[in-house]
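Novice: Based on what follows, work out the 3D shape:
(4 chains)
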Number of protein chains: 2
Amino acid sequence: MAALDLLGRRWALRVIWELRSEAKRFRDLQQSSGASPSVLNQRLGELKQAGLLANTAEGYELTHAGRALIEAISPLHQWAEKWAKGLGS
Amino acid sequence: MAALDLLGRRWALRVIWELRSEAKRFRDLQQSSGASPSVLNQRLGELKQAGLLANTAEGYELTHAGRALIEAISPLHQWAEKWAKGLGS
DNA sequence: CGCCGACGCTACGAAAAACATAGCAGGAGA
DNA sequence: TCTCCTGCTATGTTTTTCGTAGCGTCGGCG
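Specialist: The predicted structure is shown next:
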């Protein structure tokens, strides 16, 4: 899983996740994710170079590869929800 | 995705991944993952508390919840392989 | 008993990553 | 020109991770 080197970095998966349904602007990503601008910019650069997202006129949005990643993450998301509920028990 | 707070930390997913097929000892995990003992111990504590793994007589191994996570990660793994190949093009 | 190795883990200082905050440069509109 | 929004950078501080060394315990084995 070499992809973990990229996606394991802080905010990387989070940014992808934030863009799952719509394009967002730099400052919006900053707010909704909570990352500081320097790191956010760094991650955006890395993810852009990895071909997962692109900066369009509407802001940052996922590429085809990025949307494929979202689908691959979907089971993980479902697991996360179940797991979060189970923590209280 | 609150689970990202836990799994997004460095080595967290990696440790889970290393345990996917068999139990491993502390030092083995250290070697195969590459994490330093202090962080590894920290992550192991967090993951243990999260109920994803346990320290048995055979070493660290995944719990039921941990194995469920592995299954949830599986599509991500497949995506990662395709993506890694596509980077060269 | 004493010695040895493997075990999980901790301590320590150094390096790297992420932090919060302030501010820059460019473009659009009034 | 003035103002606002855009993406982004600069700075100094805090947090995280790193690399290495070493501790305490336990089970064999002589």
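Novice: How about the residues of chain A by DNA strand C?
Specialist: By the rule Cβ under 7 Å from any atom of the strand, the part of chain A lying against DNA strand C is A:9-11, A:34-39, A:42. Using the backbone N, CA and C atoms, a C-beta is placed for each residue, glycine as well.
Novice: let's go with 6 Å and repeat that
Specialist: Counting by Cβ under 6 Å from any atom of the strand, the positions of chain A adjacent to DNA strand C are A:9-10, A:35-39.
Novice: Now list the buried members of the residues you listed.
Specialist: In the residues of chain A next to DNA strand C, burial by neighbour count holds for A:9, A:35, counting by 16 or more other Cβ atoms under 10 Å in any protein chain shown.
Novice: Please see if the worst-scoring helix or strand of chain A on mean pLDDT touches chain B.
Specialist: For chain A, the helix or strand with the lowest mean confidence is helix A:3-7, at a mean of 84 (criterion: mean pLDDT, DSSP states H and E). Yes: Helix A:3-7 is in contact with chain B by Cβ under 8 Å from any Cβ of the partner chain, via A:3-4.
Novice: Identify each buried residue in that helix, please.
Specialist: For helix A:3-7, using 16+ other Cβ under 10 Å, the buried residues are A:3-4, A:6-7.
Novice: Packing partners of the helix or strand just after it?
Specialist: Sequence order places helix A:12-18 as the next helix or strand after helix A:3-7, per DSSP states H and E. The helices and strands touching helix A:12-18, judged by 3 or more Cβ pairs under 8 Å, 6 or more residues apart in numbering or on different chains; DSSP states H and E, are helix A:3-7, helix A:26-33, helix A:37-49, helix A:64-86, helix B:3-7.
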